[in-house]
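>>> Okay, sequence plus prediction incoming.
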Amino acid sequence: MEYTYTQLVTYFLFYGFLGWVLEVIVVAVKDRRFSNRGFFDLPVCLQYGVMVDILILVLPTLQEHFLLRYLFTLAVVSVTEYLAGDLSRRIWRRRLWQYEKNGLFGGERKGLLLAMGKAAAVLLLAQLVHPLIFTVSSLIPVFVLRVADGIILGILGLDLAAVLYAVHKSKTQEELLEARKVQQNEQLAVQGRLGAKLYHAVWNRLNRAYPDMEERQGEESADYVFARGVCLDKLIWVFIICAFLGDLIETLFCRVTGGVWMSRSSVIYGAFSIVWGIGAVLLTVVLQRLSGKEDRYVFFAGAVLGGAYEYLCSVFTEVFFGTTFWDYSWMPFNIGGRTNLLYCIFWGLLSVVWVKICYPVISGWIEKLPALWAKVATWAVIVLMVCDALLSAAVMVRYVERKAGKQAQTVAEIFLDAHYSDELVEKVWPNMEIQE
């Protein structure tokens, strides 16, 4: 099956709603009460939409390998759930559910069994239920889907704004504790009747949905330290540092093994490998829970996570850009030429080295940076990297179009043709191949 962007957005929203329904049913059966689950006030748990969208794109490429399909599903479900829980914790400043213990990366047998059960259920959904959903959605006019998607996304945007407003009004620890008293009709100092009602509604819903939620502990300090803990600022610098080091390592590897200097950068400007940068961020966020465990736990989790991540990156560039940047078909125990057993072992070893040795050192360096200048530099890096990535994607897409014989028609296409020739593109990305 091939999907349009409209279909992917539709499935994202539909399966987000379906996931919410399933969570409500589970809680109703377990606790005998209705609970509006999820991050939003609307009936949607978007992590399920993310899971299914990834799986319906990747699983068809693993059609002949049932075990690999299951392992990939296990990795996607576990990572998506973990990241969703971590993101909600950072925004709400509370743990809504025990995603750390009840998952693949918690280092507990119960978490592993739960993760395996969830992966089996999601795999069955993607393999058996989704074809029916695909058939039904194909009968709906594209215009209707686009209008419906636009309306729902707009409502979700308003819902997100309400959530962020409520969180903003509770940004100190004392105000967070006062939020419990809202259920007892005690008034909080919030300006405006509409704002007060909005604040009360959001926090009341959260308290009812997650009565056992835990507040974040141990992250507040009287002395401000730049990028304390695993925060956005630190992850940005982890991304930049590892993207540069990854590009450097691959360049030296090509020189030693092939005798040639070859560009290994992912972007048009700068020596940065986005694959390495995002990989380091994933290892940091997901595997920190295992930092105190024995090495074998970190190795196994890193091997599964790394192999699934490398495979997903290959599918992503092929589906969205029509290109591939590596092919391991010549290596033994390869998986569709996108990854292989040896490299999964490398990912496992790299995870142990990163979690146990490298990250603690780099984290310490980052936290010693001057707070004000480091904050300014962080935002400057974000802006520059986003611009570089968007420009690189546009250059790549236009390169594929030129090879297909499409003439420049818009001002942007004329600009790209004039400043980023085929020779330049092939110099920056020498291993890139266009898929037919």
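Happy to help now that I have it. Residues are numbered from 1 along each chain as shown.
>>> how about the nearest residue to residue 420 once chain neighbours are set aside, what does it touch?
Of all residues not flanking residue 420 in the chain, residue 395 sits nearest, at 4.6 Å (Cβ to Cβ, 6 or more residues apart in numbering). Backbone N, C-alpha and C define where each C-beta goes, glycine included. Contact analysis of residue 395 by Cβ atoms under 8 Å, 6 or more residues apart in numbering lists 268, 416, 420, 425.
>>> From the contact counts, what lies against the helix or strand hosting the last one?
Taking DSSP states H and E as the definition, residue 425 sits inside helix 422-428. In terms of contact count using 3 or more Cβ pairs under 8 Å, 6 or more residues apart in numbering; DSSP states H and E, helix 422-428 is assigned the packing partners helix 371-403.
>>> which of the residues in the helix or strand following the helix it packs on are buried?
Where DSSP H and E defines the elements, the next helix or strand beyond helix 371-403 is helix 411-419. For helix 411-419, burial by neighbour count (16 or more other Cβ atoms under 10 Å) applies to 413, 416-417.
>>> who does the helix or strand hosting residue 52 touch, helix- and strand-wise?
In the assignment (DSSP H and E), residue 52 maps to helix 46-58. Judged by 3+ Cβ pairs under 8 Å, 6+ apart, helix 46-58 is in contact with helix 5-31, helix 66-92, helix 109-124, helix 295-321.
>>> As CSV, the ones you listed with distance to residue 45 and mean pLDDT would be great.
Formatted as CSV, the helices and strands packed on helix 46-58 follow (distance: least, Cβ to Cβ, whole Å; pLDDT from 0 to 100):
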stretch, distance to residue 45, mean pLDDT
helix 5-31, 4, 88
helix 66-92, 8, 83
helix 109-124, 13, 85
helix 295-321, 21, 87
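>>> which one of those lies closest to residue 371?
Residue 371 lies closest to helix 66-92 among these, at 19.2 Å (Cβ to Cβ).
>>> Okay, angle between the closest one and helix 295-321 too, please.
90 degrees (axes from the mean of the first three to the mean of the last three Cα atoms, to 10 degrees).
>>> what's the closest residue to residue 263 other than its chain neighbours in contact with, if anything?
The spatially closest residue to residue 263, leaving aside those adjacent along the chain, is residue 428, at 5.4 Å (Cβ to Cβ, 6+ apart). Going by Cβ under 8 Å, 6+ apart, residue 428 touches 263, 265, 268.
>>> Which residue in those residues has the weakest pLDDT?
Of all those, residue 263 carries the smallest pLDDT score, 86.
>>> Can you classify that one as helix, strand or coil?
Three-state call for residue 263 (DSSP: H, G, I helix; E, B strand; the rest coil): coil.
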